[in-house]
Structures are given as C-alpha cells and as structure tokens.
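Chemist: Sharing a model prediction with you, sequence too.
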Amino acid sequence: MSAAANYDVAIVGAGAAGLAAAVECANAGLATVVFDEQPTPGGQIYRAITSTPLVDRNQLGPDYWHGERLVHQFENTDVAYAPRSTVWSVTRQDGGFEMGVSGDGEARLIMVRHVILATGALERPFPIPGWTLPGVMAAGAAQILLKSSGLVPDGRVVLAGTGPLLYLVAAQLARVGAKVERLLDTTPRGRWRAALPRAIEFLASPYFVKGLAILRDANAATSIVKHVERVEALGKQSLERVRFVAGDQTEEIATDLLLLHQGVVPNINLSNAIGCEQRWDNAQLAFVPVVDAWGASSVAGVTIAGDGAGIAGARAAQARGRLAGLYAACVLGKFDTVARDRAAVLARAELARFSRGRAFVDAMYRPADSFRMPEGDTLVCRCEEVTAQQVVDAVKLGCTGPNQMKSFLRCGMGPCQGRFCGLTVTELIARARNVSPGEVGHYRLRFPIKPITLGELAALPQTEASVQAVVRIGKSH
Amino acid sequence: MHESLKDKLPMFRRLPEAQTGSGSVPVTIDGRPFAAHEGDSVAAALLAAGVQACRTTPVSGAGRGPFCMMGVCFDCLVTIDGRPNQQGCQTPVRTGMKIEQQSGARIAVDAPQQSS
C-alpha cells in the first residue's frame, strides 16, 4: 500500500462521493489520501469504469459513463490513492485520528486530521426461504460481474424484488443477451396511493424520464409479474426452482440464477463503530447517521458524504462529496466560511436537483413487511445460520435488543459482522416487542470492523505507551 | 458436498468483447487449470468456471457461493495460495494463483503455507 504516515484528510471510499470530496480537498491544497476496497476507482455505481471490457456505451448506459469525468478529475489531482485497502479502525489520537488500514496482507496505522466517510450503500437484506442457496445472488452482484468482467448469466434468470435498480438490471442483462425468464415485482398493491402526495415532485425530477425508459426496456426484456407476495428459492445443493405467489396464482419455474433486490441501505459499519450518532429513518427503513448540511457527524472531525449518510443516489452523492470536501478545507483553515459557502453554491443546486423525487421512490418502493421480516425457518443471519423463529423465540425469553441477541444466538457475530442481518434482526425484535426499530437500536459495532489476521496486528509498529505497558507488567512480577 | 467442476455448466458466460479485450490469467481451481481474465476477482473467476458453491458453512455444512460480490456478505470465502478465509470477490486474480474451495470452519492450528 503506497501511503505516507500523515495526511490532512483521509477519505474512505472511492465512489461518487469519495472521488468528489477528494477533488475538492486536493484543490484546496490539503494532503489527502483515499482508501478504497476495490482495485479501481468508481465505487459500485461506476464500478470498473476505467477497466471494464464493455466498450459499447449503450450496454451500461449514460448514467454509468457519467462517472468517467469525475474519475478523470480525480486522477488529475495529487491525491494519494490506496486501492484494495480496508479501513478497519478509526480512533481519536492527538487531536486527530489514527486509522488502521490493511492492504495486501499488511496493516498500517495512519494519522490524519480529518476523516470523510464515503462508504456508500449495500443491498438491503432480502431474507426469503432458500436465499443462501448457491445460484441465488444479489441483483447488484450480477451488475458487478457484468461491469468488471463482462460476465453474463448463462441459463434461466429470474429477478425478484422491488425498486428501480431491479428493472435496470433486468434491462441491462437482456441487452447483453441474458435470458430473463421473469421479473417478480414484490411491490405491494396500493403503493401508488401512499406515494401519490410526493408524485408531483417526482414528475419534475430527473428520475421520472429515466424511470419511464427503464420500465419500457424491462417490459420489452421479460415478462413481469406484479404484486408478488411470496418468493422461495428451492433446490438441494443449489438453486433449481423458484416458487412464487401472486394473488391466486402460485407457480414454480425452473431457474438457474435468482437475483434479489429490494433497495439499498446506508453502509454504516464504520460510522457506527466510530460512535457517530445514528437515527432510524422510517421512510428509508434503515439506520442513518445524523449529519448536518455539510455532512458533519456528531463526532467532530468526522464527515459523512454520499449514500452512507442516507440513500439519495449517485448524482446526489457526488454533490454531497463536494460539500464534505469544502467543509473539511474550511475546518482545516484553507478558507473561511464565506469562501466555503460561495464555493458550495453549485453543489447545493445539484444536490437539490437530484434529491427531488427521492421521497416518492422511498414511498413507492418501500419493501413489504413480509419481505423484511420473515417467519419460521427462513435464515436471518447468513453467517451463523440463525432463523427468524429463533430470533422471535429469544425475544420471548427476554432478549430485548440485537446486542443481547448475540449472546443468545451468535446472531450477527459471523464474519460479515451483522452487515446482512442487522436490519432484519432489529425489525424482528421491534415487531415482537411492539416498539419502534429506533428504540431497539442497531448492533453496537466494534473495531476491527473487518476481519484482520493476528499476524497483521502483531506486525504493526509498537507505540512507546504499549511497549511500556508490557514492560511495567513484567517488572511488577 | 462440493460439486466438482466438470459436473457443472458455467452459470455465467463471457461476452465476446470481454474475451478478446483483456489478457488471460492462468490460475488453478482445486488443482484444475482455468483461464481467468485480467480484471476478474477470484469470485468472478469461480463463477466463470462454473463453480457455484465455493465453500461449506461451519455451522450446518451447507454449500455457499458468491452472493453480494462487493465484500459485504463473506459467502465467497476461499483458500488462496494456502491462506484460508480470503474474500474471493475482493481479491483480483494473479497468474499462477491456487484457488481452493473451503470446507467448514478453518482449523486454527493451520499455518498459512507459502505458495511455491
């Protein structure tokens, strides 16, 4: 990993928000480093944009290629870029922060004055019966395989879920020749009514025309079943069939690949572990860090930009990244608040433009309760293989929150550290106790937020204090 | 338990432009040679090779394959060059890489072996 020992600003994530923040920080003359887990910049939306084998621009579409300019701007700065690195801890030290970072099997400690988290989103858990079978994947995974490797599902594909991305993936896959047998839309009947009060804003937003085009393409690409109430993945060793229920209709179809998607949620593992205040967002059905108009969190010196601070999409993330970068430059004394506010005008306008219509999308594609809170033997925690029934039973035994649930069931204690069960467990407990998910709370996450080896830890340089601590213990015996 | 490579048809195929556009990266999957592509993650290479289940779980022994492809779910854990529990989707393929499916929990006393 090529990174110095000290920086003014560290940005975690090289997606739309992180890249935009980096450009602003660099322009302001701040020594900046960007850590990112992927091998190339772009995050998930612009994944592999500098390396994708898909050169025909119609295949991935203009929303994907929009990222090219941003990546180009980023590459023309003197920002230190550390791809394939994982930030596993951020702790306050000497007025700044000490960050634990691993890359290529080597851990490093890096000191920074200001931290911008641009950790983006992850797919909302979609716990249906059989969702752990090989052959069942997140819809975003198929998109990643297409973008980075030019891999297209071979065989019978079924997509299930709700939200614009599901339709986009169906259209993209069909465009590159995949056989999309069916799109099972789990959006419940009557969502239009709930979303109607926000419709005017949506009709005036940039998403309306795009949405129409995606719907048209998806309709041409596959047969769509509306108001699907139940989806099951069936098979012994791997996926063989998908069974679904829609109204009076129950059908089983032979399937090679089932792609699931019911929206994305903020990736809050790092901000949660740092101690940034989180709140339950009932419109987005997720925990969201509390931030101000610049993205500043409840922890001084930690700013959060992009979908990691609440889902608003790539273009909004880019604007929020710029704002976070300007804020950091101001806090670190590169310019005053007047200059900051003046420089932020364009980004604020962009943010307003691309935030319009979001409330409609949230209301329209709010995933149904039955697809967020499963019952019976359906696995909730993929890592420790804990079922929905076990979680509900533990509540009956007096387990009131997700952190106690760990000692009851090991739920959330596997390698993914609760990323894929956190929301489900919180909502199941909340329903069983008849309280709000906000009251139940989320897993309390601790460093390291991603597994690292003891070897990596042991190879870290020892501080004076840690050496003396050991020596003192030695002397007292 | 594991489905062997020869029994499976690839679940993913490569677009023609992706076949010519990037260089071939020879790796082995459970000892069998496979031509991965530059830009592939280990998980992508496994799916291109027709491997659906790349590990079994420590709890029930059920087969698992890549699920999220973005480093979140940890379902694509494999042994790479003797090092167990590597996230396949977060590791780019390298020439000569030895990729092995992983069975159940790793044995704590196993020291990582150096690749030859």
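Modeler: Received, thanks. Computed from a prediction, not measured in an experiment: that's the story for all the values here. Numbers count the residues shown, from 1 in each chain, chains lettered A, B, ... in the order given.

Chemist: A:Arg419 is in contact with A:Pro266, isn't it?
Modeler: No. Counting by CB atoms under 8 Å, A:Arg419 sits too far from A:Pro266 to count as a contact (11.4 Å). Using the backbone N, CA and C atoms, a C-beta is placed for each residue, glycine as well.

Chemist: for chain B, where's the lowest mean pLDDT among helices and strands?
Modeler: Using mean pLDDT, DSSP states H and E, the weakest-scoring helix or strand in chain B turns out to be helix B:16-21, at a mean of 76.

Chemist: What strands line up against the helix or strand following that helix, and which way round?
Modeler: Using DSSP states H and E, the helix or strand that directly follows helix B:16-21 along the chain is strand B:24-29. Under the criterion DSSP bridges, strand B:24-29 sits next to strand B:32-37 (antiparallel), strand B:98-100 (parallel) in its sheet.

Chemist: In the stretch 251-400 of chain A, which residue sits closest to chain B?
Modeler: Residue nearest to chain B within the stretch 251-400 of chain A (CB to the nearest CB): A:Glu385, separated by 4.3 Å.

Chemist: Would you pull up the residue in chain A closest to chain B?
Modeler: For chain A, CB to the nearest CB, closest residue to chain B: A:Gly150, 2.5 Å.

Chemist: and that residue, what is it in contact with?
Modeler: A:52-54, B:14-15, B:17-19, B:21, B:37 (CB atoms under 8 Å, 6 or more residues apart in numbering or on different chains).

Chemist: quick one: average pLDDT of the helix or strand encompassing A:Leu270?
Modeler: Assigned by DSSP H and E, A:Leu270 belongs to helix A:269-274. Here helix A:269-274 scores 96 as its mean pLDDT.

Chemist: contact partners of that helix?
Modeler: By CB under 8 Å, 6+ apart, helix A:269-274 touches A:12, A:87, A:89-90, A:115, A:117, A:119, A:278, A:287, A:289, A:297, A:299, A:302, A:304, A:308, A:417, A:419, A:442-447, A:449.

Chemist: Those: which ones sit near chain B?
Modeler: A:Arg419 (CB under 8 Å from any CB of the partner chain).

Chemist: Okay, and which of the contacts of helix A:269-274 map to strands?
Modeler: A:12, A:87, A:89-90, A:115, A:117, A:278, A:287, A:289, A:302, A:304 (DSSP state E).

Chemist: I'd like these laid out as TSV, including pLDDT and neighbour count.
Modeler: Listed next are the ones in strands among the contacts of helix A:269-274 as TSV, based on pLDDT from 0 to 100; neighbours: other CB atoms under 10 Å in any protein chain shown:
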residue	pLDDT	neighbour count
A:Val12	98	26
A:Val87	97	27
A:Ser89	96	20
A:Val90	97	26
A:Val115	98	25
A:Leu117	98	33
A:Gln278	97	20
A:Phe287	98	23
A:Pro289	98	24
A:Val302	98	23
A:Ile304	98	32
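
Chemist: Okay, helices next: where are they in chain B?
Modeler: With DSSP state H, the ranges of helices along chain B come out as B:16-21, B:42-48.

Chemist: What of the stretch 351-477 of chain A?
Modeler: All helices of the stretch 351-477 of chain A, identified by DSSP state H, counting those that start in this stretch, fall at A:358-364, A:369-372, A:388-396, A:402-409, A:422-433, A:437-440, A:454-458, A:464-476.

Chemist: Tell me which of these sits most buried.
Modeler: helix A:422-433 (a mean of 23; mean count of other CB atoms under 10 Å in any protein chain shown).

Chemist: Which one, of the strands paired with strand B:24-29, ends up nearest to A:Ala194?
Modeler: Nearest to A:Ala194 among these is strand B:32-37 (45.4 Å), distances taken as CB to CB.

Chemist: buried stuff in the closest one?
Modeler: B:34, B:36-37 (16 or more other CB atoms under 10 Å in any protein chain shown).

Chemist: Between those residues, which sits nearest chain A?
Modeler: The closest of the buried residues of strand B:32-37, once distances to chain A are taken by CB to the nearest CB, is B:His37, at 6.3 Å.
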